[in-house]
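Here's my sequence, what's the structure:
(one chain, ligands or ions: 3)
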Amino acid sequence: MTDPTQGRAFLIVMDSVGIGGAPDAAGFFNGDVPDSGANTLAHIARARPLAMPHLDALGLGAALRLASGQDAPGLGAAPQGLWGAATEVSPGKDTPSGHWELAGVPVPWDWHYFPDTRPSFPADLSRRIAAAAGTGGILGDEHASGTEIIARLGDEHLRTGWPICYTSADSVLQIAAHEEAFGLERLYSLCVEVAAMVHPMRVGRVIARPFIGGPGSFARTPNRRDYAIAPPGDTLLDAAMRSGRVTHSVGKIGDIFSHRGIGAEHKGKSDADLAAQLLTLAETAEPGSLTFANFVEFDSLYGHRRDIEGYARALEWFDGVAGQVMARLRPGDLAIFTADHGNDPSWTGTDHTRERVPVLGWGLGPRAIGQVGFVDVAASIAAHLGLQPVGPGKSFL
Ligand SMILES: O=P(O)(O)O[C@H]1O[C@H](CO)[C@@H](O)[C@H]1O
Ligand SMILES: [Mn+2]
Ligand SMILES: [Mn+2]
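Ligands and ions are numbered 1, 2, ... in the order given. The predicted model follows:
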């Protein structure tokens with residue numbers, strides 16, 4: 001780049017689109033089964049060939065082969081973009097760990113996970129949650145899938161008014177409550193109070209999971225809200241903002257970074273909504289700005305639900321979006337498409353899988369960057385934007 005004040009950067013996270021090969025996968029689990037061999041992209045493509053011409057032209061199939069030695073039916077064109085595979089070092093395979101590390105801040109602590117027992121939460125914490133909610137107790141208090149637990153306990157929730165509290169293999173405490181009967185604002189303020197109780201324990205997030213409907217037809221609404229611990233160091237977003245750059249968050253990026261270093265937040269009810277906003281930003285984002293986007297539905301709608309065909313369709317749809325984004329970029333811009341962890345829909349369980357992720361770049365011509373670290377993404381974008389170095393990574397530009 002010749003003029004660091006003009007070129008823009010777009011960091012686009014395809015949530016959970018892993019490509020296998022994580023060297024420490026054996027230390028991560030779905031239930032009792034280690035994640036060794038999990039490979040989100042390869043296993044989807046093996047179930048049914050993927051047509052992803054735009055991302056594959058950058059080097060998606062090549063990155064998959066580099067990360068894990070796997071070939072994917074439908075992918076594997078000769079790369080014309082910047083391409084490589086990134087390995088995570090943070091001790092968690094969760095969304096904040098992945099995003100923070102991509103932004104230059106590996107997680108320096110072990111997250112607190114609630115045990116897969118019933119009850120799962122310490123009795124004192126459950127009491128304090130109920131007191132904050134003004135209810136006689138809480139429902140759930142266990143590991144669960146969010147759609148399953150509202151189907152099972154939604155009824156009792158309406159009868160008692162008690163919030164449904166559950167967790168998973170992630171460091172989370174999720175609270176599901178009926179949007180109308182319990183109240184959306186009341187649920188949000190409860191989550192704020194509970195976040196203050198559990199963040200000091202190193203529980204990564206409290207998540208509000210509002211739902212609507214009646215017995216037999218309970219359904220979650222798009223009004224999910226995440227209350228995350230703030231990143232434990234200076235991120236790419238902080239550095240951009242400190243240098244007077246405009247930063248745009250698309251989707252849940254603002255939530256993941258506890259709204260730090262975020263200029264404008266662009267939220268949406270669906271990934272289709274977010275795609276429209278990203279396309280607008282590709283045309284209108286300011287010179288020298290950073291746009292950081294997360295597309296969550298791969299993970300939330302298909303990975304956790306182990307829906308291979310749904311995931312495949314989402315990948316092909318997103319590839320079209322990526323093509324439209326690239327068509328709107330300008331000379332001097334850099335766009336990086338990557339992911340935060342895996343969530344292999346062919347795997348056992350319902351949790352994320354520890355995997356490497358693709359790093360695909362538009363704007364610098366063909367360039368093989370090989371195996372890199374998540375933190376190198378932040379270092380490279382900082383270099384591209386002409387910012388002070390960010391984090392312990394090394395720029396691959
Ligand atoms: O089953 P649901 O409620 O979608 O929960 C999933 O969403 C959480 C946050 O992404 C994960 O921890 C996983 O448990
Ligand atoms: Mn994620
Ligand atoms: Mn997830």
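
those helices in the stretch 251-397 of the chain, which residues are they?
253-256, 271-284, 297, 308-328, 374-385 (DSSP state H, counting those that start in this stretch).

want to try TSV for the ones you listed, with mean pLDDT and mean neighbour count as columns?
C-beta coordinates here come from the backbone N, C-alpha and C atoms, glycine included. Output for these, formatted as TSV (pLDDT from 0 to 100; neighbours: other CB atoms under 10 Å):
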stretch	mean pLDDT	mean neighbour count
helix 253-256	95	24
helix 271-284	98	17
helix 297	98	21
helix 308-328	98	18
helix 374-385	98	25
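
Turn those helices into TSV, columns for distance to ligand 1.
Rendered in TSV, the data for the helices of the stretch 251-397 of the chain read as follows (distance: least, CB to the nearest ligand atom, whole Å):
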stretch	distance to ligand 1
helix 253-256	10
helix 271-284	15
helix 297	11
helix 308-328	14
helix 374-385	18
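
Flag every residue of the chain that's near ligand 2.
Counting by CB under 5 Å from the ion, the residues of the chain close to ligand 2 are 15, 95, 299, 340.

how about the residue in the stretch 51-200 of the chain positioned nearest to ligand 1, phi and psi?
Using CB to the nearest ligand atom, the closest approach of the stretch 51-200 of the chain to ligand 1 is made by residue 146 at 2.1 Å. Taking degrees, to the nearest 10, you get phi -60, psi -40 for the backbone angles of residue 146.

before we move on, back to that, how about JSON lines for the helices of the stretch 251-397 of the chain, with distance to residue 52 added?
Formatted as JSON lines, the helices of the stretch 251-397 of the chain follow (distance: least, CB to CB, whole Å):
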{"stretch": "helix 253-256", "distance to residue 52": "23"}
{"stretch": "helix 271-284", "distance to residue 52": "15"}
{"stretch": "helix 297", "distance to residue 52": "16"}
{"stretch": "helix 308-328", "distance to residue 52": "4"}
{"stretch": "helix 374-385", "distance to residue 52": "21"}
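
Could you pull up the residues touching the residue in the chain that ligand 2 sits nearest to?
Among all residues of the chain, residue 95 sits closest to ligand 2, at 3.3 Å; criterion: CB to the ion. Going by CB atoms under 8 Å, 6 or more residues apart in numbering, residue 95 touches 15, 170, 252, 256, 299, 340, 341.

Mind listing what's buried along whichever strand or helix holds residue 211?
Assessed by DSSP states H and E, residue 211 sits inside strand 205-212. Neighbour-count burial for strand 205-212 flags 205, 206, 207, 208, 209, 210, 211, 212 (criterion: 16 or more other CB atoms under 10 Å).

Return only those of those found close to ligand 1.
Among the buried residues of strand 205-212, proximity to ligand 1 is found for 207, 209 (CB under 6 Å from any ligand atom).

Show me which of the buried residues of strand 205-212 is closest to residue 305.
residue 209 (14.7 Å; CB to CB).

any idea which element residue 175 lies in?
Residue 175 belongs to strand 172-178, assigned by DSSP H and E.

So what angle separates the directions of that strand and strand 205-212?
20 degrees (axes from the mean of the first three to the mean of the last three CA atoms, to 10 degrees).

Strand 172-178 - what's its average pLDDT?
What strand 172-178 shows for mean pLDDT is 98.

need the buried residues of strand 205-212 in TSV with pLDDT, can you?
As requested, those are arranged in TSV below (pLDDT from 0 to 100):
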residue	pLDDT
205	95
206	97
207	97
208	98
209	98
210	98
211	98
212	98
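
For stretch 159-172, buried residues please.
For stretch 159-172, by 16+ other CB under 10 Å, it's 161, 162, 163, 164, 165, 166, 167, 168, 169, 170, 171, 172.

Which pair in the residues you listed has the greatest spatial separation?
Top of the distance list for the buried residues of stretch 159-172 (CB to CB): 161 and 169, 28.9 Å.

which among the residues of the chain next to ligand 2 gets closest to ligand 1?
Nearest member of the residues of the chain next to ligand 2 to ligand 1, counting by CB to the nearest ligand atom, is residue 95, at 5.8 Å.

any weak-confidence spans in the stretch 1-150 of the chain?
Low-confidence segments of the stretch 1-150 of the chain, defined by pLDDT under 70: 1-5.

Ligand 1 contacts on that one?
Going by CB under 6 Å from any ligand atom, the residues of the stretch 1-150 of the chain near ligand 1 are 95, 145, 146.

how many other residues sit next to the last one?
The number of residues packed near residue 146 is 21, by other CB atoms under 10 Å.

list the contacts for it?
By CB under 8 Å, 6+ apart, the contact list for residue 146 reads 166, 174, 176, 209, 220.

Same check on residue 120?
114, 141, 142, 143, 166, 167.

hang on, the second one is in a helix, isn't it?
Read it as residue 141. No - applying DSSP: H, G, I helix; E, B strand; the rest coil, one finds residue 141 to be strand, outside a helix.

roughly how far apart are it and residue 127?
11 Å (CB to CB, to the nearest Å).

try the last one
Using CB to CB, one obtains 17 Å as the distance from residue 167 to residue 127.

same thing with the first one?
Remark: distance between residue 114 and residue 127 (CB to CB) = 15 Å.

So which of these two has more stuff around it?
Using other CB under 10 Å as the criterion, residue 114 and residue 127 rank with residue 114 on top: 25 against 13.

Who are the contact partners of that one?
Contacts of residue 114 (CB under 8 Å, 6+ apart): 120, 121, 143, 167, 173, 203.

Over to residue 392?
Taking CB under 8 Å, 6+ apart as the test, what residue 392 contacts is 104, 106, 375.

got the contact list for the first one?
Spelled out, it's residue 104. 233-236, 239, 375, 378-379, 382, 390-393.

how about the nearest residue to it, chain neighbours excluded?
Counting by CB to CB, 6 or more residues apart in numbering, residue 104 lies nearest to residue 391, which is 2.5 Å off, once chain neighbours are set aside.

Near that neighbour, how many other residues are there?
Neighbour tally, residue 391, other CB under 10 Å: 25.
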